[in-house]
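have a look; sequence and predicted model below, questions after that.
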Amino acid sequence: MNHSRRKAIQSGGGLIAMLLAAGVISPGEALAQSDPFTMKTLAEAMRAVGGPNQTVSDAIIIKAPAIAENGAVVPVGVESKLPGTELIALFVEKNPQPLVGSFGIPSGTVGNVSTRVKMGQTSDVYALVKADGRFYVAKKEIKITLGGCGG
Amino acid sequence: MNRREFLGTLAAAAACGVPLDAAHAQVAQKLYDLPRFGNVSLLHFTDCHAQLLPIHFREPSANIGVGESAGRFPHLVGEHLLKQAGITPGTAEAHAFTYLDFAAAARRYGKVGGFAHMTTLVKRLRASRPGALLLDGGDTWQGSATALWTKGQDMIDACKQLGVDIMTAHWEFTYGDHRVQEAVKSLAPIEFLAHNVKTTDFGDPVFKPWVIREMNGVPVAIIGQAFPYTPIANPRYLVPEWTFGIQESELQDLVNEVRAKGARAVVLLSHNGMDVDVKLAGRVRGIDAILGGHTHDGVPVPVVVSNGGGKTVVTNAGSNGKFLAVLDLDVSSSGVSDFRYRLLPVFSNLLPADAQMQNLIDRVRAPFAAKLREPLAVTEGLLYRRGNFNGTFDQLILDALMSVKGAEIGFSPGFRWGTTLLPGQTILREHLMDQTAITYPTVTVNEISGADIKIILEDVCDNLFNPDPYLQQGGDMVRVGGLTYSCDPRAAMGKRIDDMRIGGQLIEAGKRYKVAGWAPVNPGAIGEPVWEVVENYLKQIKTVKPRRPNLPRLIGMGGNQGLA
């Protein structure tokens, strides 16, 4: 997660808090409208992006190191071989805000994205794919280690 | 009389005081005159750690395997190893492959390795195997004083003289990316292969991934696999623009590519470590053999792994110049049909030194001779490093760190290199450098909370005992001084370490303890190099009493064949 996006998320959260305080929107509406990037748990963030029912799929390939070389910038790629892929979202379960990014895949485009994520501890990384209106998921563990002592 | 009986005869002859020259010649002939097999031959050594001269190297008495690795090569030690390999106890070979009765056997059979002796063996095998390639698995430019002081140049010159054809790497990278690039440019005719090193920005390859060489009319592809966790196990700041990793699918693509180009045999020259190689062999198709290193396992019998595409022979060729492996392949138009493998111990007494190589070694050492040979102390006990948890030489380093720095706890990295000294031997400066010669040798002293000490021990322990080989880094457990603990290698991450005590008292999570260590992987550490601290300590104590390594109380390891 980079600094500017974090700021943007903070300001987004602040805006909702302000609207709540002013009584412009009800708490229920706030939840519905709130940014999935601000969700604190994997379940909440996944629900906010993709609804509750997801099918585990081996047609989603997560490309990531087994052990991260640098937790501050871990390269993660997701390739979806599911026909009709329209959205790919990436989550790091143990990050304070699990949703890392959500990519819209225009029709006729290969579902293959990559980014870099920041991780403070060993965690499962989830890729959520929307294809032909249905949601699919895959996961892979990335280990974060203190380093040293090798060989 | 078979070869084993001959070696037994040698032992008996030595014990009876019979002149050994004639016996030596016979034993050497039996051991080293391998009948040629097939039409493609590969000679392989790995992890020599810059040991140009003959040395002693005690194999581990603790090399525990967990999960699927338990009870199989390379996780067999001592008698368990001999039994599974069919080696007769009490022979020269038994000495080469195990720690058993080490000091006495080392005196009987003499030193092992040395590039001048290795050269003689290479020449002998090449004479019977025209076209044979010599492969070096890496960890060649690091591990001695002269290698450190010449930034690996002594080893580069020696490897050219030895006739190395192809190499891959790990510790080579600890000289920094610029030095590696510069050295690789001047390496010809040696090819430096590493398919799994890419630039961090665009993922471009940094080194050549493979070569195809024709031997006796057979095109054979060699793919190089550098140590995948170099920027984690060693300082990342030394190779900041390169990324490593295991890279299975990219490797599969390369295997397919070289097959498409006509390679009839495909060999991976690997610095993964044996467990990683065994797992990889089950998942990537089309590799005939993985000639492996990194974990320093002297494995006399290769592991043959079946996968969807056929079979892959997986080997590991030990360390410190102690062994030379010979893989003979019989390759027909349809591919590899059969193989023979031998891991030959290089007994320095059985192989005369090659004069040209000896000259080169003498020339390299001459400018440093006085410095290298300066005596520091005399050891009364056996000093060794290798083993999962601790060695006597590491205990000596820990004692020095704690004593000189006034620390309650000492940490020393679980490196697997470092030679062995016999009781009564004088510890020369170069012996100390054999244990410590790295490019990030700084001694650090920190106040660390009990909770963080637990996190550190758990983290390193998981790198050793995670049941998934791809999550192992191939080093041993951090050596710990001053603190006792228990360890259950089968437990999950975070639950292996317990009962941590200083002077019998449980340590407290919130209390801070003074910890001395060395080899920090983060930049900016300030302090003396570890060899200075240990040298001062040795000069002060003069005589090193036999050390008892501080070992954890192991849980659940009864019957594990990786444990003496």
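Yes, it's here.

for residue B:105, what are phi and psi?
With angles defined as degrees, to the nearest 10, residue B:105 sits at phi -70, psi -40.

can you tell me the closest non-neighbouring residue to it?
Once flanking residues are discounted, residue B:105 sits nearest to residue B:95: 4.0 Å by CB to CB, 6 or more residues apart in numbering or on different chains. C-beta coordinates here come from the backbone N, C-alpha and C atoms, glycine included.

quick check: the one you found touching residue B:108?
Yes. The pair residue B:95 / residue B:108 is scored as a contact, 7.5 Å apart, by CB atoms under 8 Å.

who has more neighbours out of the two?
Neighbours per residue, other CB atoms under 10 Å in any protein chain shown: of residue B:95 and residue B:108, the larger number sits with residue B:95, 28 against 15.

which SSE is the more buried one in?
Using DSSP states H and E, residue B:95 sits in helix B:92-97.

now do that helix: which elements does it pack against?
helix B:3-16, helix B:78-85, helix B:102-109, strand B:335-345 (3 or more CB pairs under 8 Å, 6 or more residues apart in numbering or on different chains; DSSP states H and E).

the longest one: what's the following helix or strand?
Moving toward the C-terminus from helix B:3-16, the first helix or strand encountered (DSSP H and E) is helix B:20-32.

check which helices and strands that next one sits against.
Judged by 3+ CB pairs under 8 Å, 6+ apart, the packing partners of helix B:20-32 are helix B:3-16, helix B:115-128, strand B:335-345.

mind redoing it with 7 Å?
If contacts are counted by 3 or more CB pairs under 7 Å, 6 or more residues apart in numbering or on different chains; DSSP states H and E, helix B:20-32 sits against helix B:3-16.

re earlier: the helices and strands packed on helix B:92-97: lowest mean pLDDT?
Least confident of these, judged by mean pLDDT, is helix B:3-16 with a mean of 48.

distance check, residue B:463 against chain A.
6 Å (CB to the nearest CB, to the nearest Å).

quick one, phi/psi of that residue?
Taking degrees, to the nearest 10, you get phi -70, psi -20 for the backbone angles of residue B:463.

re the thing from before, what's the separation between the residue nearest to residue B:105 and chain A?
25 Å.

that residue touches residue B:109, doesn't it?
Yes. Applying CB atoms under 7 Å, one finds residue B:95 in contact with residue B:109, separated by 5.1 Å.

quick one on the thing from earlier: okay, the residue nearest to residue B:105: pLDDT?
97.

repeat that for residue A:23.
Per-residue pLDDT puts residue A:23 at 41.

repeat that for residue B:490.
Note on residue B:490: pLDDT of 97.

my guess is it meets residue B:65, correct?
No. Taking CB under 7 Å as the definition, residue B:490 is not a contact partner of residue B:65, at 10.7 Å.

with neighbour numbers in mind, choose between the two.
Per other CB under 10 Å, whichever of residue B:490 and residue B:65 has more neighbours is residue B:65, with 22 against 16.

can you tell me the element the closest residue to that one other than its chain neighbours falls in?
Closest residue in space to residue B:65, ignoring its immediate chain neighbours: residue B:75 at 2.7 Å, by CB to CB, 6+ apart. Under DSSP H and E, no helix or strand contains residue B:75.

so residue A:142, which state does it fall into?
strand (DSSP: H, G, I helix; E, B strand; the rest coil).

just checking, it touches residue A:70?
No. Distance between residue A:142 and residue A:70: 11.6 Å, which falls outside the contact criterion (CB under 7 Å).

now the strands for chain A?
In chain A, the segments counted as strands under DSSP state E are A:55-56, A:60-63, A:74-80, A:85-92, A:99-104, A:111-117, A:123-131, A:134-142.

next one: the stretch 301-450 of chain B
B:303-307, B:310-316, B:323-332, B:335-345, B:375-379, B:409-412, B:426-428, B:443-449 (DSSP state E, counting those that start in this stretch).

in the shortest one, what's buried?
Read it as strand B:426-428. Buried residues in strand B:426-428, counted by 16 or more other CB atoms under 10 Å in any protein chain shown: B:427-428.

what lies in contact with it?
Contact with strand B:426-428 is made by B:372-379, B:421, B:538, B:544, as judged by CB atoms under 7 Å, 6 or more residues apart in numbering or on different chains.

residues near residue A:84, how many?
Residue A:84, neighbours per other CB under 10 Å, totals 14.
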